[in-house]
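Participant: sequence and predicted structure below; questions after.
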Amino acid sequence: MPERVPTANGAPLPARLIESYRAFRSGAHAAARDRYRRLAEDGQRPRTMVVACSDSRSAPEAIFDAGPGELFVLRNVAALVPPYAPDGSLHGVSAALEYAVLALEVPAIVVMGHGRCGGIAAALEDAAPLSATDFVGTWVAGVRDLAAELDLSGEIAEPGTRRRELERRSVERSLDHLRTFPWIRRREEARILTLHGAWFDIALGELHALGRRGWQRVDPATALDERALSRGLRTERSPRSRRA
């Protein structure tokens, strides 16, 4: 018999993860067991895709209090979306977008940056490469170009303000890049897909959204009122819909 080639063995899972898994099984999973079963049998149908940073402090599921099956999340350094490039190379972000839009048919995509982002800081400060390959430097090269465009006069000259401005402009650039994907652009023009920009302040726990008047802090109380109003309108309309 041919000699069996040994496979690579990974290290045991960290004890902290095992403990957390036990808590998940007895807590969150037990409470939502039927939901998990339905998701397994029926498949996922998330209503929103979130492109977010890999930073451990800005998890979309925690910020938006999302349950299983609610968000389709893509995370990478600095929450970047490169432009459409059908060149046959490996494109992880493009693959996730393609699946979310064309297979899952999500009706909304949110690009969410955050405060004190290390990837943005690396581009802004032109940080030294972490290795000879400089994967991080190559990935944030476009952000470095954005940083060069900043007007450093006035308030924006302050380092914290400059970093925040670049974090938000990076989100805006990623939204522009989303529109270079033909199947995203067509769906947005047909009003069956909406694109959104968000920025999360880690220190304050505040969410800011990009709207017609620029960046505005999301007021949780107002957001709840709007959600309740939306539910009320749907309730009022439903009888007429049934009669039709």
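Facilitator: Good, I have the coordinates. Predicted, not measured: the structure shown is a model, and the values here were computed from it.
Participant: tell me the spacing between Ser170 and Ala85.
Facilitator: 18 Å (C-beta to C-beta, to the nearest Å). Just so you know, the C-beta spots here come from the backbone N, C-alpha and C atoms, and that holds for glycine as well.
Participant: so between those two, which is more surrounded?
Facilitator: When neighbours are counted by other C-beta atoms under 10 Å, Ser170 and Ala85 differ, and Ser170 comes out ahead with 28 against 12.
Participant: now what about the helix or strand hosting that one, what contacts it?
Facilitator: Counting by DSSP states H and E, the element that carries Ser170 is helix 159-178. When contacts are defined by C-beta atoms under 8 Å, 6 or more residues apart in numbering, helix 159-178 is touched by residues 51, 78-84, 97, 109, 111-117, 120-121, 123-124, 142-143, 146-147, 150, 152, 155-156, 184, 195, 197-199, 208, 210, 215.
Participant: can I get the buried part of those residues as one ChimeraX selection?
Facilitator: The buried residues among these can be selected in ChimeraX (16 or more other C-beta atoms under 10 Å) with this line:
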select :51,78,79,80,81,84,97,109,111,112,113,114,115,116,117,120,121,123,124,142,143,146,147,184,195,197,198,199,208,210,215
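Participant: buried residues in the helix or strand that the helix holding Ser170 is followed by?
Facilitator: Per DSSP H and E, the first helix or strand lying C-terminal to helix 159-178 is helix 182-189. For helix 182-189, a neighbour-count test (16+ other C-beta under 10 Å) marks Ile184, Arg187, Glu188 as buried.
Participant: can you name the next helix or strand after helix 182-189?
Facilitator: strand 194-201.
Participant: quick one: average confidence on that following strand?
Facilitator: Averaging pLDDT along strand 194-201 yields 98.
Participant: so how far is that strand from its chain's centroid?
Facilitator: Distance of strand 194-201 from the chain centroid (C-alpha atoms, centre = their mean, to the nearest Å) equals 8 Å.
Participant: partner strands of it and their direction?
Facilitator: With DSSP bridges as the test, strand 194-201 is paired with strand 108-114 (parallel), strand 206-211 (antiparallel).
Participant: Val81: what secondary structure?
Facilitator: What DSSP: H, G, I helix; E, B strand; the rest coil gives for Val81 is coil.
Participant: ranges for the strands of this structure?
Facilitator: With strands called from DSSP state E, the chain shows them at 48-53, 71-76, 108-114, 194-201, 206-211, 214-217.
Participant: among these, which comes closest to Leu39?
Facilitator: strand 71-76 (12.5 Å; C-beta to C-beta).
Participant: what's the closest one packed up against?
Facilitator: strand 48-53, helix 60-63, helix 92-98 (3 or more C-beta pairs under 8 Å, 6 or more residues apart in numbering; DSSP states H and E).
Participant: list the buried residues in the shortest one.
Facilitator: Translated: helix 60-63. By 16+ other C-beta under 10 Å, the buried positions in helix 60-63 come out as Pro60, Ile63.
Participant: and that helix, what other elements does it pack with?
Facilitator: So helix 60-63, by 3+ C-beta pairs under 8 Å, 6+ apart, packs with strand 71-76, strand 108-114.
Participant: 10 Å instead, please
Facilitator: Counting contacts by 3 or more C-beta pairs under 10 Å, 6 or more residues apart in numbering; DSSP states H and E, helix 60-63 packs against strand 48-53, strand 71-76, strand 108-114, strand 194-201.
Participant: adding distance to Ser20, write those out as JSON lines.
Facilitator: Listed next are the helices and strands packed on helix 60-63 as JSON lines, based on distance: least, C-beta to C-beta, whole Å:
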{"stretch": "strand 48-53", "distance to Ser20": "21"}
{"stretch": "strand 71-76", "distance to Ser20": "18"}
{"stretch": "strand 108-114", "distance to Ser20": "23"}
{"stretch": "strand 194-201", "distance to Ser20": "23"}
